[in-house]
Each structure stands twice: as C-alpha cells, then as structure tokens.
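Participant: this one's sequence-less:
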Ligand SMILES: *Cc1c(COP(=O)(O)O)cnc(C)c1O
C-alpha cells in the first residue's frame with residue numbers, strides 16, 4: 001500500500017517508482033523490442049514492446065494512479081491518444097465535441113474519421129440543457145476540454161458525465177490544460193481522460209507524448225487491444241522523460257499558476273487590452289464551476305488587444321516570450337490560434353465560436369513574473385500607434 005496520501009507525493013512515488021529487479025530509484029529505459037521467452041506456451045509477462053514495455057508500463061501505472069483511474073495507456077503523441085480513443089467508435093456513430101477544442105482534434109474527426117463514417121457535431125458544451133437535446137440515437141460520446149483551447153471556456157464536467165451516463169454513452173475529457181494536479185475528471189464521473197503529455201506533464205518542451213486513463217475494466221481491455229493493434233505507442237526513452245517530468249509537476253504548476261494569476265490581472269487592467277480570457281479571474285465565464293471542479297484557473301491565458309494595436313508587431317517585439325506552437329513548458333510561449341493551433345478550423349467556424357484573428361494565447365512559464373510582464377509591456381508599447 002502507498003505510504004503517502006497526497007498528490008505531491010504520488011507525482012514522485014506513484015505507479016512503479018523503483019526498478020523491481022535492481023532497486024534503482026528510477027525505472028530504467030528498457031530499450032528493447034522483444035524479450036527472451038522461457039518456453040513454448042508459458043505465457044511470458046513481457047513478449048514484445050508494442051504490446052508492453054516496463055518503462056512505458058511504469059508511466060501508465062503512474063498516470064492511472066494520478067487520475068484515480070484503473071488503467072493508463074501511453075501513446076506517441078496526444079493525437080495518437082485521441083485517435084486510439086476515437087477508434088472505439090463504429091461507422092454511423094457520432095461524437096459531440098466542445099465548440100473550441102484543440103484544432104487537431106477537430107481535424108482528425110473532420111478529415112480522417114469521416115472516411116470511416118464516424119461523425120461529429122460541434123456543440124456549446126457550457127450549456128448542459130442544450131447539449132442534452134443534441135443527443136440523438138447515433139451519438140455515442142461527448143468529448144470536452146475544460147478549460148477549452150483557446151478561449152478557456154469552462155464546461156461542467158460532472159454535468160456532462162451525468163448526461164452521458166443517463167443516455168448510456170461515453171464522456172471523454174481532454175485534461176491537457178489542467179493535469180491531474182489541478183483537476184481529476186474521473187472523480188467527477190468522466191469515463192475517459194486524455195492528455196497531450198507534450199504539455200504540462202512533460203513540462204520541458206522536449207517530448208511529444210499522449211496518455212489515456214479509464215476507470216472501467218471492460219473499457220481498459222478494449223483500449224489495450226486498440227493500443228496493441230494500431231501500435232501508436234510511446235517509446236521507452238520518451239516514457240522515461242515523461243516520468244521524470246511528472247515528478248516536478250506540482251512545483252512547476254504552483255509557479256505557473258502564481259505567474260498566470262499575476263499576468264491575468266496585469267492584462268485585465270491594461271488600457272491596450274480589449275478582453276482577457278482566464279477562468280481564474282472572478283467574473284470570467286464558468287468561474288464558479290471551474291472553482292468547484294479544479295484547484296485553480298491553470299496557467300493558460302488568452303487575450304485581445306484593442307484594434308489600434310498591431311498584433312504582428314506585438315509578436316515580433318517579444319524578446320523573452322517566444323512565438324511558438326505548444327504550451328505547458330517551463331518557458332513562456334505565445335501563439336496566434338487563428339493562424340497556428342486552430343488554422344485547421346475553417347474561418348467561418350472560428351468566427352462563430354469566437355476565435356478571432358486578434359486573439360493571442362499565452363502559456364505563462366515559470367520565469368520571473370517581473371521579466372515576463374516587462375517583456376509584454378515593451379511589446380505592447382511597440383505595437384501601439386506612434
Ligand atoms: C497539444 C494538444 C493536443 C495534441 O497533442 P500532441 O501531443 O501535440 O499530439 C490535444 N489536445 C490539447 C488540448 C492540446 O493542447
């Protein structure tokens with residue numbers, strides 16, 4: 001039995017945290033594709049690394065423990081994880097998705113799963129009554145992000161899980177923006193949790209990975225089958241990097257969030273800023289729901305500058321903060337969702353859900369907040385009218 005009670009300790013000691021054969025305090029990188037078997041028909045524990053690898057297994061046990069689920073699965077990217085989950089569905093099935101989801105989630109449904117006649121509808125998942133009315137007999141799942149990407153829209157996860165249960169369909173939450181340190185959807189009744197571990201879980205912008213956690217044995221068996229059959233597994237070295245990253249998730253996120261709260265307040269009070277999206281700001285959409293289901297507002301902020309500021313100049317002028325795709329690393333990053341992370345979503349759809357061409361997304365890093373704010377300040381000044 002675990003000799004700890006709190007997630008700060010589970011981040012470090014959870015799953016399989018020491019090597020069972022040598023006692024090494026870190027599970028080594030088992031860089032092997034196959035395993036010597038002792039004899040025919042003797043059911044070896046390890047047989048082939050697509051099916052199972054001890055380093056990956058340590059990571060899978062760790063994420064299952066952190067999310068309070070029964071089983072975890074590690075994939076070569078967040079999109080491989082999402083693809084595996086969507087592979088649970090059959091031709092004729094439909095998935096309802098939040099109106100602002102990661103662009104790649106939209107794209108894989110719109111351009112790949114449509115080949116197999118697995119369909120999607122974009123819904124406003126913040127309105128539970130309206131959402132429930134959209135459940136037709138072909139709907140087999142509701143996939144949400146909370147806070148969603150990039151408008152940080154909050155969806156009531158327990159509410160979505162309850163609706164899904166009532167209709168006998170699956171609820172799926174992409175928990176990338178929060179991580180189990182801030183929010184645990186399975187505790188709220190959600191069936192499947194997905195992560196792009198490339199972001200906060202890895203935390204150092206040096207690994208691309210995806211994770212899935214479920215809390216049901218039958219679902220776990222189906223996902224294990226899909227993982228082994230389709231083969232998008234995470235490599236042993238990347239599994240090791242992720243375990244290493246997760247150990248510091250708690251201290252990193254404490255600083256990320258502390259900085260984000262200061263940055264959100266700074267932006268909200270700035271005369272050049274038209275609108276700030278941050279679920280940790282009192283008065284933000286879903287503020288109360290987020291407070292109930294998550295530890296705090298996380299460390300992602302989106303904002304718009306007033307019309308007389310030139311965002312091209314703003315991005316160009318930033319020095320400490322880098323213009324880049326991705327988020328959740330120790331370094332502060334900004335992106336322009338309309339042309340970067342959400343470019344796969346057609347212009348009209350982007351406009352209708354509020355992803356305007358002026359929207360800026362900021363992943364607040366763990367540098368000195370004074371340095372981050374000074375950089376934003378000089379870039380805003382640089383982008384204003386002369
Ligand atoms: C980045 C991201 C993904 C995709 O993950 P990859 O690791 O880039 O494949 C999915 N969902 C969200 C919310 C993301 O931010």
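Facilitator: Received it, and whenever you're ready, just let me know what you need. Nothing here was measured: the structure is a model prediction, and the numbers come from that model.
Participant: Would you tell me whether whichever strand or helix holds residue 237 gets close to the ligand?
Facilitator: Using DSSP states H and E, residue 237 sits in helix 236-247. No: judged by C-beta under 6 Å from any ligand atom, helix 236-247 makes no contact with the ligand; its nearest approach is 11.1 Å. Every C-beta, even on glycine, is put in place using the N, C-alpha and C of the backbone.
Participant: and that helix, what does it pack onto?
Facilitator: In terms of contacts (3 or more C-beta pairs under 8 Å, 6 or more residues apart in numbering; DSSP states H and E), helix 236-247 is packed against helix 7-13, helix 54-66.
Participant: among those, which is the most enclosed?
Facilitator: Most buried of the helices and strands packed on helix 236-247, by mean neighbour count (mean count of other C-beta atoms under 10 Å): helix 54-66, with a mean of 24.
Participant: Show me what it is packed up against.
Facilitator: helix 7-13, strand 71-75, helix 179-182, strand 210-214, helix 236-247.
Participant: Compare the ones you listed and give me the one nearest residue 281.
Facilitator: helix 179-182 (15.9 Å; C-beta to C-beta).
Participant: got the angle for the helix or strand that that closest one is followed by vs strand 71-75?
Facilitator: Sequence-wise, the next helix or strand downstream of helix 179-182 (DSSP H and E) is strand 192-196. Orientation of strand 192-196 against strand 71-75 (axes from the mean of the first three to the mean of the last three C-alpha atoms, to 10 degrees) gives an angle of 30 degrees.
Participant: and strand 192-196, which strands flank it?
Facilitator: strand 170-174 (parallel), strand 210-214 (antiparallel) (DSSP bridges).
Participant: is the ligand contacted by that strand?
Facilitator: Yes: Strand 192-196 is in contact with the ligand by C-beta under 6 Å from any ligand atom, via residue 196.
Participant: can you put the helices and strands packed on helix 236-247 in TSV and add mean pLDDT?
Facilitator: Conversion of these to TSV gives the following (pLDDT from 0 to 100):
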stretch	mean pLDDT
helix 7-13	96
helix 54-66	98
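Participant: need those helices in JSON lines with distance to the ligand, can you?
Facilitator: Below are the helices and strands packed on helix 236-247 laid out as JSON lines (distance: least, C-beta to the nearest ligand atom, whole Å):
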{"stretch": "helix 7-13", "distance to the ligand": "20"}
{"stretch": "helix 54-66", "distance to the ligand": "14"}
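Participant: Serialize those to CSV and add fields for distance to residue 343.
Facilitator: Listed next are those as CSV, based on distance: least, C-beta to C-beta, whole Å:
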stretch, distance to residue 343
helix 7-13, 34
helix 54-66, 30
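Participant: Residue 30: which of the ones you listed is closest?
Facilitator: Closest approach to residue 30 among those (C-beta to C-beta): helix 54-66, 4.6 Å.
Participant: got a list of contacts for that closest one?
Facilitator: 7, 10-11, 14-17, 27-30, 46, 49, 70-74, 180-181, 184, 195, 197, 201, 211, 213, 233-234, 236-237, 239-240, 242-243, 246 (C-beta atoms under 8 Å, 6 or more residues apart in numbering).
Participant: what about that helix, distance to the chain center?
Facilitator: Here helix 54-66 is found 17 Å from its chain centre; the criterion is C-alpha atoms, centre = their mean, to the nearest Å.
Participant: In PyMOL, select just the buried ones from the contacts of helix 54-66.
Facilitator: Those of those that count as buried under 16 or more other C-beta atoms under 10 Å are selected in PyMOL with:
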select buried, resi 7+10+11+14+15+16+17+27+29+30+46+49+71+72+73+74+180+181+184+195+197+201+211+213+233+234+236+239+240+242+243+246
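Participant: before we move on, the earlier item: residue 379 is nearest to which of the helices and strands packed on helix 54-66?
Facilitator: Short answer: helix 179-182, nearest of the helices and strands packed on helix 54-66 by C-beta to C-beta, at 28.2 Å.
Participant: average pLDDT for that closest one?
Facilitator: When pLDDT is averaged along helix 179-182, the result is 98.
Participant: same check, this time on stretch 281-292
Facilitator: For stretch 281-292, the mean confidence score works out to 96.
Participant: which stretch of helix or strand covers residue 132?
Facilitator: helix 128-133.
Participant: Mind giving me the packing neighbours of that helix?
Facilitator: helix 157-166.
Participant: Who are the packing partners of the helix it packs on?
Facilitator: Applying 3+ C-beta pairs under 8 Å, 6+ apart, one finds that helix 157-166 contacts helix 128-133, strand 139-145, strand 170-174.
Participant: which of those is buried the deepest?
Facilitator: Among the helices and strands packed on helix 157-166, judged by mean count of other C-beta under 10 Å, the one packed with the most neighbours on average is strand 170-174 (a mean of 26).
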